[in-house]
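Asks: Sequence unavailable; structure follows:
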Ligand SMILES: Nc1ncnc2c1ncn2[C@@H]1O[C@H](COP(=O)(O)OP(=O)(O)OP(=O)(O)O)[C@@H](O)[C@H]1O
């Protein structure tokens, strides 16, 4: 049984009496992309520093590839740190070195001979799509290209784990997409385990297979991203984090929404479906099977970590118990938000 590449058991860390990390436990299996999200001050950076062996928790253990980060003497931590690659929000490239020189640095520190270094740099430049840029200086690159160099540098010593600290927060939306696509491809092709710290739910939705939500230094949700996002039992903090990426009832409809059903009224329903149910043609099935009109008011089908996920507000005429049972079978967390007159 794979006990996980990373095992975090009951770690706590306080600063001047303030508990930044409060009894945190979770496991990351090989090949997962774990997204760690939380509001400002939730403890994300404190956790990342402990995971990267840049800080030690006061109590608890962090096992990486079976080695206890919290118990190793400083001298042995250096070797273990080479198994961990870091990708930073602001890239942290050395302006005095070329792109190739930046990627070379961790290889030089690890004592890799020049010929092997050069071969590895060529390989990494190709992997991140910068084959023609090795001779350039960081100042000549765009933000997205700088982050590609940051990723190549982090991968130089073939780490077992990649830690990304708000890796796309300094980038525009289009560049963010290309960097997330690159990280997803590296995860797929190299089987590399990635932990991403972010405050953006959109980043989580796009690539995180698993999710940890932190609040006031505690883990409040932990599991497969799709399960947490599709669940009907989300905590207020989860709902608040999700609200930025969730469909909303259009204002004109919201203004006419009432709590009780009336003859001829249409039901406004929130539907969330993951997996196979997300691919079903729900609206046309409602038409064919029940002979009712159904339209999407907001949202639709997208993907979460490569799996289909439907999140939408729909309007259904003549909402009967039979229709409710049918939809409830697809989405047990279904919510009837209210009713609007049929002319809307
Ligand atoms: N070195 C430190 N000294 C004192 N307090 C600290 C230190 N590091 C973190 N804290 C405190 O611990 C708590 C968690 O901080 P942390 O930076 O880990 O949160 P975060 O989720 O990364 O926040 P942000 O998204 O704003 O970066 C905060 O209350 C912070 O003020």
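Replies: Looks like it came in fine. None of the values given here were measured: they were computed from a predicted structure. Residues are numbered from 1 along each chain as shown.

Asks: Strands of the stretch 51-200 of the chain, start to end?
Replies: Ranges of strands in the stretch 51-200 of the chain, per DSSP state E, counting those that start in this stretch, are 59-64, 67-68, 84-87, 161-165, 193-198.

Asks: right, and these - which one's nearest residue 41?
Replies: Within these, the stretch nearest residue 41 is strand 193-198; the backing value is 13.3 Å (C-beta to C-beta). For glycine as for every other residue, the C-beta is placed from the backbone atoms N, C-alpha and C.

Asks: That closest one vs strand 59-64, what angle?
Replies: Counting by axes from the mean of the first three to the mean of the last three C-alpha atoms, to 10 degrees, strand 193-198 lies at 130 degrees to strand 59-64.

Asks: Let me know the angle separating strand 193-198 from strand 161-165.
Replies: Going by the same axes, to 10 degrees, strand 193-198 makes 10 degrees with strand 161-165.

Asks: Can you tell me which residue is spatially central in this structure?
Replies: Geometric centre of the chain, nearest residue: residue 204, 2.3 Å, by C-alpha atoms, centre = their mean.

Asks: element containing it, please.
Replies: If you go by DSSP states H and E, residue 204 is part of helix 201-207.

Asks: Quick one: mean pLDDT for that helix?
Replies: Average pLDDT, helix 201-207: 90.

Asks: next helix or strand past it?
Replies: Past helix 201-207, the next helix or strand by DSSP H and E is strand 210-215.

Asks: So which elements touch that following strand?
Replies: Packing contacts for strand 210-215, counted by 3 or more C-beta pairs under 8 Å, 6 or more residues apart in numbering; DSSP states H and E, involve strand 18-28, strand 33-38, strand 218-224, helix 225-230, helix 236-243.

Asks: I'd like the ones you listed as a markdown table, with mean pLDDT, distance to residue 292 and mean neighbour count appended.
Replies: Formatted as a markdown table, those follow (pLDDT from 0 to 100; distance: least, C-beta to C-beta, whole Å; neighbours: other C-beta atoms under 10 Å):
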| stretch | mean pLDDT | distance to residue 292 | mean neighbour count |
| --- | --- | --- | --- |
| strand 18-28 | 97 | 44 | 18 |
| strand 33-38 | 96 | 38 | 25 |
| strand 218-224 | 95 | 33 | 17 |
| helix 225-230 | 87 | 24 | 21 |
| helix 236-243 | 84 | 29 | 15 |
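
Asks: Adding distance to the ligand as columns, could you present the ones you listed in JSON lines?
Replies: Converted to JSON lines, those look like this (distance: least, C-beta to the nearest ligand atom, whole Å):
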{"stretch": "strand 18-28", "distance to the ligand": "3"}
{"stretch": "strand 33-38", "distance to the ligand": "5"}
{"stretch": "strand 218-224", "distance to the ligand": "11"}
{"stretch": "helix 225-230", "distance to the ligand": "18"}
{"stretch": "helix 236-243", "distance to the ligand": "12"}
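
Asks: Look at residue 260 and report its pLDDT.
Replies: 81.

Asks: Tell me, how many residues neighbour it?
Replies: Other residues near residue 260 number 7, with proximity taken as other C-beta atoms under 10 Å.

Asks: Distance-wise, check it relative to residue 168.
Replies: As defined by C-beta to C-beta, to the nearest Å, residue 260 lies at a distance of 45 Å from residue 168.

Asks: Could you do residue 204 as well?
Replies: Distance from residue 204 to residue 168, by C-beta to C-beta: 11 Å.

Asks: where do the contact lists of these two overlap?
Replies: residue 198 (C-beta atoms under 8 Å, 6 or more residues apart in numbering).

Asks: ok so, going back, which one of the strands of the stretch 51-200 of the chain lies nearest to the ligand?
Replies: Closest approach to the ligand among the strands of the stretch 51-200 of the chain (C-beta to the nearest ligand atom): strand 193-198, 7.1 Å.

Asks: Listing partners with orientation, what would you give for the closest one?
Replies: According to DSSP bridges, strand 193-198 forms sheet pairs with strand 33-38 (parallel), strand 161-165 (parallel).

Asks: can you state the direction angle for that strand and strand 18-28?
Replies: 150 degrees.

Asks: what about strand 193-198, distance to the chain center?
Replies: 7 Å (C-alpha atoms, centre = their mean, to the nearest Å).

Asks: Next, the angle helix 236-243 makes with the host helix or strand of residue 311.
Replies: Assigned by DSSP H and E, residue 311 belongs to strand 307-317. Interaxial angle of strand 307-317 relative to helix 236-243 (the same axes, to 10 degrees): 90 degrees.
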